[in-house]
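> Can you look at this prediction? I've put the sequence above it.
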Amino acid sequence: MRAMNLANALINRGHSVTIWSSDFFHQEKRHRTGQFTKHRVNDSLTILLVPSGGYQKNIGFSRLWDHLVLARNLHSILELSLSSIGAQQPDIAFIGYPPIETAFVMTKWLHSRGIPTVLDIKDRWPQIFSEAFPKVLRPLALLAFLPYAITAKYLLKQSTYLSSITKTFLDSYISYGARQSLAFDTVLPLSSPRDSISYREFIDAKDWWLRQGIDLSHKLRFLFVGSLSNAFNFDNLRESFSRLVFHFPSAELLICGDGEFRSSLIHSFRDNSNVYFPGWINIPQIDFIMRNSLATVAPYKCSTDFVMSVPNKIIDSLKHGMPVLTCLRGEVESLIAKHVIGIFCEDTADSWYCAMSSLISSPALLSQLSSNCLATYDSHFCFHSVYDPFVSKEIVYAQ
């Protein structure tokens, strides 16, 4: 999505774009073709897909191995002449980070040819690797992942400019790489275009939700849409929702998505009434249910990477005019305080209950928060507000 947004913005200004990407589709955990493929979309856009091994879990050594294979295959392809694969030498390259391995291969190849690069940092790799281990094992983990740390610092040194999703992220990597902040270093928030669904899709989505047993005669529901992973903690939300249903019997909680923790979550909510697990839902189904809900809930754990970022789920909520209820500190807490787009909860059952009950009890508050969400999305996170200023910048580059 980020690469396509940037590509579209550049094409709108008359540039030609080539996207290098993995043949493996991360969201659906499947290969697109299983081989190196060139797709010429139109005169301005070409997509080159590089094969890799694939993986089934977001966290694990199989994913790291996939990235190594991807980098090796990318290196092999780059060793050929660009003309032999139907590509041209770029004037500038925008490199996604992570993966570290492919960023290393591409940066080294571009640097050797004097081509300026923008390293786009979206996650705290490799620092996040060691943080996943118990404290007693972290020194060993740091040693094991030392090659990644060395590679990361090489990338930060060799990249011409940096971009990242928040100022906190950008500043932390400028410090981590011991480099000076440059005028073209840029904050590019995560962004997604407004979804446009047809009337037929809207009606099909409504019918689908009715088949799930959702009572669409009211909007007293709270919504979670995302990967059901260990990035979230539903314990206090679960306790608070039990109290909420006692006082507001029609209230519903929809936990939409799939992931390795789905089964255990369903089990943990087994005694809670009015809680639904519809599984993975598509864009029309998301759009419809957001029009028929009060707010989104985002019970993120306050891990360092999420504290430093504004996750996609928060931005999707703003895009639909949905107030956000969350316990995530850092950038999101500050965003809520500055723009009044939701309610920050201390991660306690009492705090979650007060937040949900206040939205049910105060239509005026709900309406104001919803208006603020749409205004904040338009001014800070929509496609044009994020990418138009970036692609309009003039780059001064001296080798």
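Perfect, I can see it now.
> Got the phi and psi for K38?
phi -110, psi 130 (degrees, to the nearest 10).
> Kindly provide the distance from it to V69.
20 Å (CB to CB, to the nearest Å). Placement of C-beta: from N, CA and C, glycine included.
> Looking at these two, which one has more neighbours?
V69 (18 against 12; other CB atoms under 10 Å).
> Could you report the neighbour count for S191?
Neighbour count of S191, defined by other CB under 10 Å: 22.
> Also K29?
Residues near K29, counting by other CB under 10 Å: 12.
> next one: L374
16.
> can you check I341 too?
I341 has 25 nearby residues by other CB under 10 Å.
> what do you get for the one 10 residues further on?
By other CB under 10 Å, the residues close to S351 number 17.
> Restricting the selection to alpha carbons, write the helix or strand hosting it to PDB.
Using DSSP states H and E, S351 maps to helix 349-361. Extracted in PDB, the C-alpha atoms of helix 349-361 (Å, rounded to 0.1, in the frame of the first residue of the first chain):
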ATOM      1  CA  ALA A 349     -11.400  -2.600  33.300                       C
ATOM      2  CA  ASP A 350     -12.800   0.500  35.000                       C
ATOM      3  CA  SER A 351     -11.200   2.800  32.400                       C
ATOM      4  CA  TRP A 352     -12.500   0.800  29.400                       C
ATOM      5  CA  TYR A 353     -16.000   0.600  30.900                       C
ATOM      6  CA  CYS A 354     -16.100   4.400  31.400                       C
ATOM      7  CA  ALA A 355     -14.900   5.100  27.900                       C
ATOM      8  CA  MET A 356     -17.500   2.700  26.300                       C
ATOM      9  CA  SER A 357     -20.400   3.800  28.500                       C
ATOM     10  CA  SER A 358     -19.700   7.500  27.900                       C
ATOM     11  CA  LEU A 359     -20.100   7.100  24.100                       C
ATOM     12  CA  ILE A 360     -23.300   5.200  24.500                       C
ATOM     13  CA  SER A 361     -24.700   7.700  27.000                       C
END
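> Does anything pack onto that helix? Which helices or strands?
helix 235-247, strand 295-298, strand 324-326, strand 342-344, helix 363-376 (3 or more CB pairs under 8 Å, 6 or more residues apart in numbering; DSSP states H and E).
> just the angle between it and helix 235-247, please?
In terms of direction (axes from the mean of the first three to the mean of the last three CA atoms, to 10 degrees), helix 349-361 departs from helix 235-247 by 50 degrees.
> Contacts for helix 349-361, please.
Helix 349-361 is contacted by residues 220, 222, 236-237, 239-241, 243-244, 247-248, 251, 294-295, 297, 323, 325, 327, 343, 345, 365-366, 369 when judged by CB atoms under 8 Å, 6 or more residues apart in numbering.
> unless I'm mixing things up, D388 is touching N8, no?
No - with contact defined as CB atoms under 8 Å, D388 does not count as touching N8 (10.7 Å).
> What residues of the helix holding S351 count as buried?
349, 351-353, 355-357, 359-360 (16 or more other CB atoms under 10 Å).
> And the protein, split by domain according to the record?
2-192, 199-381 (automatic domain parsing).
> least reliable of these going by mean pLDDT?
Per-stretch mean pLDDT for the domains of the chain is lowest at domain 2-192 (a mean of 90).
> got the angle between the helix holding S351 and helix 363-376?
Using the same axes, to 10 degrees: helix 349-361 against helix 363-376 is 100 degrees.
> Which neighbours in the sheet does the helix or strand in which L254 is found have, and how are they oriented?
Using DSSP H and E, L254 maps to strand 252-256. According to DSSP bridges, strand 252-256 forms sheet pairs with strand 221-225 (parallel), strand 275-279 (parallel).
> pull the CA atoms of the last one into CSV?
Right, strand 275-279. The C-alpha trace of strand 275-279 is given here as CSV (Å, rounded to 0.1, in the frame of the first residue of the first chain):
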residue,chain,number,x,y,z
VAL,A,275,-19.4,-10.9,21.6
TYR,A,276,-18.9,-12.0,18.0
PHE,A,277,-15.9,-13.4,16.1
PRO,A,278,-16.8,-13.2,12.4
GLY,A,279,-13.3,-13.9,11.2
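> Following element in sequence after it, please.
helix 283-291.
> Which secondary structure elements does that next one sit against?
helix 199-211, strand 221-225, strand 252-256.
> May I have the distance across stretch 253-269, first residue to last?
One end of stretch 253-269 to the other measures 11 Å (CA to CA, to the nearest Å).
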